[in-house]
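# return a 3D structure for these sequence lines:
(3 chains)
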Amino acid sequence: MSQKPIIVWFRQDLRIQDNPALAEAANKGTVLPIYILDDVNSGEWKMGGASRVWLHHALADLDKSLDGNLQIFSGDAEKIITKLISEKDVQAVYWNRCYEPWRINRDKEIKSALTDKDIDVESFNGSLLWEPWNVRKGDGTMYKVFTPYYKRGCLEKPDPREPLGKLKSISYADTVTDSEKINKLGLLPKTLDWHDSIEDFWTISEAGAHEKLDIFLENGLNDYKEGRNFPSQKNTSCLSPYLHFGQISPNQIWHKSRAYGLSEGMENDLATFCSELGWREFSYSLLYNFPEFPRKNWQAKFDNFPWETNPEGLKAWQKGRTGYPIVDAGMRELWHTGYMHNRVRMIVGSFLVKNLMLNWQLGEEWFWDCLVDADLASNSASWQWIGGCGADAAPYFRIFNPITQGQKFDKHGTYIKKWVPELKDMPDKYLSNPWEAPDDVLENANVKLGKDYPKPIVNLKASRERALAAFKTLKAPE
DNA sequence: CCTGGAGTTGTCCTA
DNA sequence: TTAGGACAACTCCAG
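I've put the predicted structure just below:
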């Protein structure tokens, strides 16, 4: 075995099991595991606030799994790696691939710079079931519609690889003197209180990811297809942040849920759950093939869309004070937990884009900062979709009605009352539309509209018609 | 090139 | 109360 260390560069694969780069390095030699917080190259997509809280704990957990050997740095990745190599007589650098355009560019440069220095660089697939360049139509171009992408492009390929076997023991290289401690990265905000509540809601570790998966399979997969629409039910996996940071691999999820779902006869629920992983892959494929995706309308005809300017409206939406309970509940869940139920994400997104008629990118930015699962591919794809300008987008006349949606998917207000406690004594009938309640109902519920809870900041019917009219003016470019 | 079928997640009106 | 059709027209995809 060679004594020259192999650098394993952790990025969005903060786990030790089923980690192809780590496994390969552990097999071949001594391992120097590193993490670099690279705020230099990430441009306008520097990691957001909630993600940094998550990262802090994920790194601490990973370091523990690596027996305290994780070396942590902050700054320009190429400079840091180059310096390390000049000091440590490194034989190779391994990593698992990332797909953000800025990372692809950066990693390409690093790979070529290191190769010039005769360092062996190898990248692995640690976070996608199907590489985007392998999923193509018959004519070699990319898929633009989800269903054929998934059914034909993905499912007709050989199954995604099985997770790797248990990691063998690692022999570590000597530690590095100028490595920083996690605390020095300054990932936790000093003044804000919300990271406490984020920490209360999650067990941020590799073990926590597997625990979540097991709990989901036990309690949530049955009736997933239907139940996933109801924010007060336990039918969502809540695996998204773990997946984003790579504390669990999609392969681990894919194979474990298939084994469980098939043995329990839950074929339909299983297929729906797996297709959600497919959506994640589809988003990555879109981003890979269209690197401007986070900032540029997928459909160019949206470039002239007459978005409104409304800072107060935006602020009310962000703070969960729109006067529409299901919207406010979602925005407050986001603020307190770094997460929001999928159905509610659609409702609040539709409200921002269609009812307030604010640019989808404003929502994208807010989610980027607040979500612990903020993921460039998924976030861009989802906001483009709800904005109507994305791939496979909804017809323009599909505008979510927050009253109907609340009554349908949160019938007894379990979710609304949890996050909007000022309405806890409102009867079901007026929970989604408190401004329509008679005075005595409001009084009995101890709600003074405009004081305890806001009046609606926008008229639903009028704003819907305004949006429909605006969308109608869209014309394909000449 | 042509053709037919299909496209995550809704709402509203009418009978 | 409820089920079904309209809401546009277009693009995508596969044969």
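
# secondary structure element for residue A:364, which one?
Residue A:364 is part of helix A:360-370 when elements are defined by DSSP states H and E.

# got the contact list for that helix?
Outside helix A:360-370, the residues within contact range by CB atoms under 8 Å, 6 or more residues apart in numbering are A:45, A:48-50, A:294-295, A:314, A:318, A:334-335, A:338, A:348-349, A:352-353, A:374, A:379-380, A:383-384, A:386-387, A:389. The C-beta positions use only the backbone N, C-alpha and C, and glycine is treated the same way.

# strands - which of those residues land there?
Residues from the contacts of helix A:360-370 lying in strands, with DSSP state E as the criterion: none.

# among these, name the buried ones.
Buried positions within the contacts of helix A:360-370, assessed by neighbour count (16 or more other CB atoms under 10 Å), are A:45, A:48-50, A:294, A:314, A:318, A:334-335, A:338, A:348-349, A:352-353, A:374, A:379-380, A:383-384, A:386-387, A:389.

# in helices, which of those appear?
Applying DSSP state H to those, the entries found in helices are A:49-50, A:314, A:318, A:334-335, A:348-349, A:379-380, A:383-384, A:386-387.

# out of these, flag the one nearest to residue A:14.
Among these, residue A:50 lies closest to residue A:14 (CB to CB), at 15.9 Å.

# quick check: that closest one touching residue A:336?
No. Counting by CB atoms under 8 Å, residue A:50 sits too far from residue A:336 to count as a contact (10.5 Å).

# overlap in contacts, these two.
Contact with both residue A:50 and residue A:336 is made by residues residue A:198, according to CB under 8 Å, 6+ apart.

# distance-wise, check residue A:126 relative to residue A:15.
Residue A:126 sits at a distance of 9 Å from residue A:15 (criterion: CB to CB, to the nearest Å).

# so what sits against both of those two?
Joint contacts of residue A:126 and residue A:15 (CB under 8 Å, 6+ apart) are A:246, A:249.

# give me the average confidence score over stretch A:409-425.
Stretch A:409-425 shows a mean pLDDT of 96 in the predicted model.

# any buried residues in that stretch, and which?
Residues of stretch A:409-425 classed as buried by neighbour count (16+ other CB under 10 Å): A:409, A:410, A:413, A:415, A:416, A:417, A:419, A:420, A:422, A:423.

# which residues touch the residue in the stretch 251-400 of chain A that DNA strand B sits nearest to?
Closest to DNA strand B within the stretch 251-400 of chain A is residue A:392: 3.6 Å, counting by CB to the nearest atom of the strand. Applying CB under 8 Å, 6+ apart, one finds that residue A:392 lies in contact with A:144, A:145, A:146, A:385.

# closest residue of chain A to DNA strand C?
residue A:395 (2.9 Å).

# in a strand, that's where that residue is, yeah?
No. Residue A:395: not assigned to a strand; according to DSSP: H, G, I helix; E, B strand; the rest coil it is coil.

# now do the SS call for the nearest residue to residue A:160 once chain neighbours are set aside.
Leaving aside its sequence neighbours, residue A:160 sits nearest to residue A:129 (CB to CB, 6 or more residues apart in numbering; 4.0 Å). Three-state assignment for residue A:129 (three-state DSSP): coil.

# so residue A:129 touches residue A:250, yeah?
Yes. Counting by CB under 8 Å, residue A:129 touches residue A:250, with 5.1 Å between them.

# list residues touching both of these two?
Contact criterion CB under 8 Å, 6+ apart; residues shared by residue A:129 and residue A:250: A:160, A:277, A:281.

# name the helix or strand for the second one, please.
Assigning secondary structure by DSSP H and E places residue A:277 in helix A:267-289.

# so that helix, near DNA strand C or not?
No. Figure legend: helix A:267-289 not in contact with DNA strand C (CB under 7 Å from any atom of the strand); closest approach 10.0 Å.

# for stretch A:441-461, buried residues please.
Within stretch A:441-461, the residues scored as buried using 16+ other CB under 10 Å are A:441, A:442, A:445, A:447, A:453, A:454, A:456, A:457, A:458, A:460.

# now for the closest residue to residue A:238 other than its chain neighbours, how many residues are close by?
Spatially, and ignoring its direct neighbours in sequence, residue A:238 is nearest to residue A:212 (5.7 Å; CB to CB, 6+ apart). Using other CB atoms under 10 Å, residue A:212 has 20 other residues around it.

# and residue A:212, what is it in contact with?
So residue A:212 contacts A:203, A:237, A:238, A:239, A:242 (CB under 8 Å, 6+ apart).

# among these, which one sits closest to DNA strand B?
Set against DNA strand B, the nearest of the contacts of residue A:212 by CB to the nearest atom of the strand is residue A:237 (13.3 Å).

# tell me the SS of the closest one?
Using three-state DSSP, the structure places residue A:237 in coil.

# which residues sit in contact with it?
So residue A:237 contacts A:212, A:213, A:216, A:220, A:253, A:273 (CB under 8 Å, 6+ apart).

# which of these sits closest to residue A:27?
Ranked by distance to residue A:27 (CB to CB), the contacts of residue A:237 are led by residue A:253 at 24.5 Å.

# the closest one and residue A:30, how far apart?
Taking CB to CB, one finds residue A:253 at 31 Å from residue A:30.

# neighbour count: these two, which is higher?
Set side by side, residue A:253 and residue A:30 show more neighbours around residue A:253, with 25 against 18, by other CB under 10 Å.

# which residues sit against the one helix or strand the more buried one maps to?
Taking DSSP H and E as the criterion, the element that holds residue A:253 is helix A:250-263. Contacts to helix A:250-263, defined as CB under 8 Å, 6+ apart, come from residues A:17-18, A:127-129, A:160-163, A:210, A:213, A:217, A:221, A:237, A:239, A:243, A:267, A:269-270, A:273-274, A:277, A:280-281.

# before we move on, the earlier item: check the residue of chain A closest to DNA strand C and give its pLDDT.
82.

# quick one: contacts for the residue nearest to residue A:160?
Residue A:129 makes contact with A:154, A:160, A:250, A:251, A:254, A:277, A:281, according to CB under 8 Å, 6+ apart.

# please redo it, this time with the cut-off set to 6 Å
By CB atoms under 6 Å, 6 or more residues apart in numbering, the residues touching residue A:129 are A:160, A:250, A:281.

# same check, this time on residue A:56
By CB under 6 Å, 6+ apart, the contact set of residue A:56 is A:187, A:188.

# confidence score at it?
97.

# skipping its backbone neighbours, what lies nearest residue A:458 in space?
Excluding its sequence neighbours, the residue lying closest to residue A:458 (CB to CB, 6+ apart) is residue A:355, at 5.5 Å.

# counting neighbours, what do you get for the one you found?
If you count neighbours by other CB under 10 Å, residue A:355 ends up with 27.
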